[in-house]
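>>> this one's structure only:
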């Protein structure tokens, strides 16, 4: 899908030798920090400081240039001043360095001359096949190998444990803050990568590499913008295929945020609804806060996937149980009750307990712990529940309660397909013991529910991932689009294009006189719609350019004359190509199907409820093109349009398949035409028992297709 | 509004003497715990254990019954077994006790006989004017007076500091968990009250009392259901009037939650959208998680109100700044940029800084702290910003950064109308220092933004609180409704009622023959609508009972016959009263206005986009009746209907005032009629240049009004 070649981060993230070009004797300086960190954390490979004069840097022998190294260097950290960066990169290339990290700033983010220098640096690196991270980045860390190619002070305070979460951040400062929080929360990281200006390695490349990295099981990605949408889509799809969940925070969602992102790193934030659609299509989990970013990352790293959406809530507080039940319903989880026999086992232990789920063991649990244990064991072992959500309040602080809870969690943890979450107050040591069983612990009860929902949401996205269609670049519509000049297609040409594509259009003709209109109407038979034909008028009804349900010669004649007169007054600048006389098609539903070219991700579709007030109703969705039919069906369901077609208020029952096929066909057209098809909008697309009929279409071309 | 008398909690919450009926020598028992807690925490008043045999309880002299007390007792804690509760209450009443807390369970929550006993207990207490808390509750605590009338083990681990937040929880277990979290987080509480079965004191009474309590500035309320909606509304309005923010968590939002709440304490959860509307109307802040409950409570207790919606974000990380800007836009905050002169002051200190807001001081802050200070001081003192949101990452852990931050926060704290929030990692001691300046500290950057938005949201609700109209119980419509039998009004009677109310209806007549229909149509002139008239048919168009735009005698005759035939086939059971012939009114917008009687809150209105698909579009809102016109206008804006009336797509410009007046009139009707008007629905209500016209109305009566 992307034409971007796969970039290996092997030499960058798993070097056997690291040179520091611009190494400093002062450990707190930018050039001193990586030397210090590599030594203090015990990097296993060779550390080679490069310094024009010093023979020794922080106790390590130094060389005056890479050329003086006695063995090839895998990776070089470039921390020289701006003016010397180009030479340092040239040295790397000349001596066969496989990867370079550039900390130095003042490139693309500083204006045109910086951008030119950055491009020259990239050209050098690309020519030699050298992987380039940065410039203007905080570097990267491989926690397992203790490879610290960074100068962030955040690394001085200690490291998070080595673990299975790979983190990549476009922003250095965000990355550093996240690194500190990971250390504080004991979140196990495999790699930490900041991409800065992304002259070489982009966030998408880092994700793609971590999908293939055996040390990484979960990927946390922070984005401000994206230079190569298809590469990001490719990496996210690869992650879904590999079963490695990606949690992503994309900032610049709003106008204010996009403005901030632009001024910050010159990143174009892109249209957020498109990112949202991409993340959903690829099963990536979007986090909107740093707290969510970590919480989601941790839960995917730690817990198994529940086998189904059924959850048993076991609680000693009816109130908190209700709070949790509310959240479960919000998130589409199910709360099936205990059977009568199971209920009897619970109420034998505590007479006031209720088992409709939440299983409320009530305050009676204080005098008889066994009721909690019985309820947990039933839920864990009866085979019906994928998730257990236990509310323990402050119970775990009492030793006998804790002993019971630990046993329950252990037994539940041994059941395949059962995931246990606990909400309550407990010590760090207790949390750790439960974590090691794959049991998630939260202080906030609703988080225990959200965790189960997130795991299920990911599992469902993975199970239901479609076979993504490829753009058919030899599509039969290509000839129609090729050789056309830029600009709007005439309505007649647009309708013809749809017909070529197999999309029926409403039978119609173009009249240039009232009598011609009458003749067309008579030929069509029945009532007709009469509409002005002009590429300059986007909203015909707003200028009195539409008459519907016109029947009989006199009425058609009057409609022709009224429209012509009204348009002449209300849209005097518009070039009028004639008047369309079309058969009235009675729709069960009026839809809209449109495509446009997103600057980041390329062709995208929007579709949903059509008609004149489409923008006001906003009952539309977005999908990248081409789109598989199963995704279209799911989105029509979400829009609640399928129900409108299926015998709505005594109307006919219409299958959505003609609509689905039409949307897929437009998706193929958009994908195969690429930027040549700047935009297309069919509105209304009449849907009824006989199929779909395009009643109106607007198509904008952008010169010849590439 | 409520007919419920004000209940004083003075004797309950500020007793000078407390008797414990059922006091136990064993400190861990239900009857031992309050004695232990009152002693250990040093209750200032007298503690009087009551025990049939023991002379001494936990070192205090005991009496065999209240009658043996040598002085009057203000408050009694009842912790005797279920069978002895009635006698204990009788003893209280006989000896002039002013308030009683009943821990004992097994009353209304346990079935009919429990309910009867509970009612008997209430009758006794009410007869003597004794305030009753419970039964089946965890009791209450006055932190300042160290008055512990509770048996929750949560109180053993220590107490939260005495402070200004009053907490009331219907659920004991929720209350206990919240109490523990408050202690852990150092949240300062004034009072802690659990209401259990609410035989006497309800959550609304506790709120109402805390509004008048000088020790309470912020109220946290947890609800599962509500027995007296108007009392709750009254308490919340009083709180808004007094400027005491109420943060409320209402569980049982969803079907699953409502089921759980019902099984838990037999609380009817009520319709959640009605609660939502009530909370919003009364400026109460709804929290959906326990985390939010506390976070919101704390911010209102701690921070001043920002003077306006303008926020300056000062950050060293562009990425986090963007995240915060996104959240600010989500929540309707404004981010005006620095002026050129202000920008120059910032960029003098750090050349790469950007000041379009977020004010991004960049990584340069690490080499020159002054840039952060300059940016903060400008934002705090230029008079344009109500809120400062600072992102400090881990900066505060460095002493020189902390010293700078503390000074900035202090100076900002001295500016009236400026609220400072900080996101970053810092020590508990540092948090406390900032808290004492009224500065809020969060680890999650978006929380710093949410805090400012919450404060502004409350301030706006308070500033814009309307004068709430009273139900006019002598309304002129009363005679129309009085003396009517239960059931549906005929359409003609319904239209007459609307006319009496000053709401225009579409000119129409009822025909019993095709020829009569033709006569009516000729009298009306122009095209007509022909509709079946039957109280048994709610959706006329679904049974072929409607023909629109009918013109000419033949067409009217055909429409009459078609409708009669279609209804006979498709709704054979319906009693048909005739056929309505109405003038066609061309609407600019079709609206719906409806009222119904909510079992908790009484008459409520819904209004919004009407037409046949009103349920599908769901563009409707809810308000309690009567409703002030300013609130109706605000809700029409929120529905984006005002824009649809104001020259939408080249259409006429219609003021919403006729619609507003109609909705307010229906609100008055519903409020004055009370339960007599079971439901009313005008759909469609045609809105156009000439005003509003009810085209169809359904009215259900429930016998005579009370």
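All right, it came through fine. Only a predicted model underlies this, so the values are computations on that prediction, with no experimental measurement involved. Residues are numbered from 1 along each chain as shown, chains lettered A, B, ... in the order given.

>>> What ranges does the stretch 301-450 of chain A have for its helices?
In the stretch 301-450 of chain A, the segments counted as helices under DSSP state H, counting those that start in this stretch are A:318-330, A:340-349, A:370-381, A:399-413, A:428-436, A:445-463.

>>> Name the stretch from these that approaches chain B most closely.
helix A:318-330 (3.0 Å; C-beta to the nearest C-beta). In this view, the C-beta of every residue, glycine as well, is placed from N, C-alpha and C.

>>> and that closest one with helix A:445-463, angle?
Put simply, helix A:318-330 runs at 20 degrees to helix A:445-463, going by axes from the mean of the first three to the mean of the last three C-alpha atoms, to 10 degrees.

>>> buried ones in helix A:318-330?
Neighbour-count burial for helix A:318-330, counted by 16 or more other C-beta atoms under 10 Å in any protein chain shown, picks out A:318-330.

>>> can you pull the contacts of residue A:35?
Taking C-beta atoms under 8 Å, 6 or more residues apart in numbering or on different chains, we find residue A:35 in contact with A:20, A:23-24, A:27, A:47, A:49, A:57-58, A:60.

>>> Could you identify the longest strand within chain A?
Scanning chain A for the longest strand, with DSSP state E as the assignment, gives strand A:677-688.

>>> per-residue confidence averaged over that strand?
Averaging pLDDT along strand A:677-688 yields 94.

>>> Just name whatever secondary elements it is in contact with.
Counting contacts by 3 or more C-beta pairs under 8 Å, 6 or more residues apart in numbering or on different chains; DSSP states H and E, strand A:677-688 is packed against strand A:589-598, helix A:657-673, strand A:691-694, strand A:697-701.

>>> worst average pLDDT in these?
When the helices and strands packed on strand A:677-688 are compared by mean pLDDT, strand A:697-701 comes last with a mean of 90.

>>> contact partners of that one?
Contacts of strand A:697-701 (C-beta under 8 Å, 6+ apart): A:481, A:484-489, A:491, A:493-495, A:497-498, A:505, A:538, A:676-683.

>>> what about 10 Å?
With C-beta atoms under 10 Å, 6 or more residues apart in numbering or on different chains as the test, strand A:697-701 has contacts from A:481-482, A:484-498, A:503, A:505, A:535, A:538, A:593-597, A:669, A:673, A:675-683, A:685.

>>> residues in contact with the closest residue to residue A:64 other than its chain neighbours?
Using C-beta to C-beta, 6 or more residues apart in numbering or on different chains and skipping residues adjacent in sequence, the residue nearest residue A:64 is residue A:52, 5.4 Å away. Applying C-beta under 10 Å, 6+ apart to residue A:52 gives the contacts A:22, A:62-65, A:80, A:84.

>>> Can I get the buried part of the contacts of strand A:697-701 as one PyMOL selection?
A single PyMOL command selects the buried members of the contacts of strand A:697-701 (16+ other C-beta under 10 Å):
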select buried, chain A and resi 481+484+488+489+490+491+492+493+494+495+497+498+503+505+535+593+594+595+596+597+669+673+676+677+678+679+680+681+682+683+685
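
>>> what's the burial count for the closest residue to chain B within the stretch 551-700 of chain A?
Nearest residue of the stretch 551-700 of chain A to chain B: residue A:650, at 4.3 Å (C-beta to the nearest C-beta). The local packing of residue A:650 (other C-beta atoms under 10 Å in any protein chain shown) involves 11 other residues.

>>> repeat for residue A:638
When neighbours are counted by other C-beta under 10 Å, residue A:638 registers 12.

>>> hang on, residue A:658 packs against residue A:503?
Yes - between residue A:658 and residue A:503 there is a contact under C-beta atoms under 10 Å: 9.4 Å.

>>> Stretch A:208-225 spans what distance, first to last residue?
Across stretch A:208-225, the terminal residues are separated by 17 Å (C-alpha to C-alpha, to the nearest Å).

>>> can you tell if that stretch touches chain B?
Yes - interface with chain B: stretch A:208-225 contributes A:222-224 (C-beta under 10 Å from any C-beta of the partner chain).

>>> Can I get those residues in CSV including pLDDT and secondary structure?
Output for the residues of stretch A:208-225 next to chain B, formatted as CSV (pLDDT from 0 to 100; DSSP: H, G, I helix; E, B strand; the rest coil):
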residue, pLDDT, secondary structure
A:222, 96, strand
A:223, 94, strand
A:224, 91, coil
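
>>> In JSON lines, list these along with neighbour count.
Listed next are the residues of stretch A:208-225 next to chain B as JSON lines, based on neighbours: other C-beta atoms under 10 Å in any protein chain shown:
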{"residue": "A:222", "neighbour count": "26"}
{"residue": "A:223", "neighbour count": "25"}
{"residue": "A:224", "neighbour count": "29"}
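
>>> Past the host helix or strand of residue A:238, which element shows up next along the chain?
Under the criterion of DSSP states H and E, residue A:238 resides in helix A:229-242. Going down the chain from helix A:229-242, the next helix or strand is strand A:246-250, by DSSP H and E.

>>> Low-confidence stretches in the stretch 151-300 of chain A?
Counting by pLDDT under 70, the stretch 151-300 of chain A shows low-confidence ranges at A:262-270.

>>> Please, where are all the helices along it?
Using DSSP H, counting those that start in this stretch, helices in the stretch 151-300 of chain A cover A:172-185, A:203-212, A:229-242, A:255-265, A:272-281, A:290-302.

>>> picking up where we left off before, out of the buried residues of helix A:318-330, which touch chain B?
By C-beta under 10 Å from any C-beta, the members of the buried residues of helix A:318-330 lying near chain B are A:318-330.

>>> ok, back up a step: and the angle from the longest strand of chain A to strand A:697-701?
Angle between the axes of strand A:677-688 and strand A:697-701 is 170 degrees (criterion: the same axes, to 10 degrees).

>>> hang on, the earlier thing: so for the residue of the stretch 551-700 of chain A closest to chain B, what's the nearest residue that isn't a sequence neighbour?
Sequence neighbours aside, residue B:542 is the residue nearest to residue A:650 in space, at 4.3 Å (criterion: C-beta to C-beta, 6+ apart).

>>> Near chain B, which residues of the stretch 501-650 of chain A? Just list them.
Contacts of the stretch 501-650 of chain A with chain B, taken as C-beta under 10 Å from any C-beta, map to A:539, A:541-544, A:549, A:570, A:609, A:612-613, A:615-619, A:640-641, A:643-644, A:648-650.

>>> Could you pick out which of these are located in helices?
Taking DSSP state H as the definition of helices, those contribute A:570, A:615-617, A:641, A:643-644.

>>> Make a PyMOL selection of the buried ones in the residues you listed.
To isolate the buried members of these in PyMOL, using 16+ other C-beta under 10 Å:
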select buried, chain A and resi 616+617+641+644
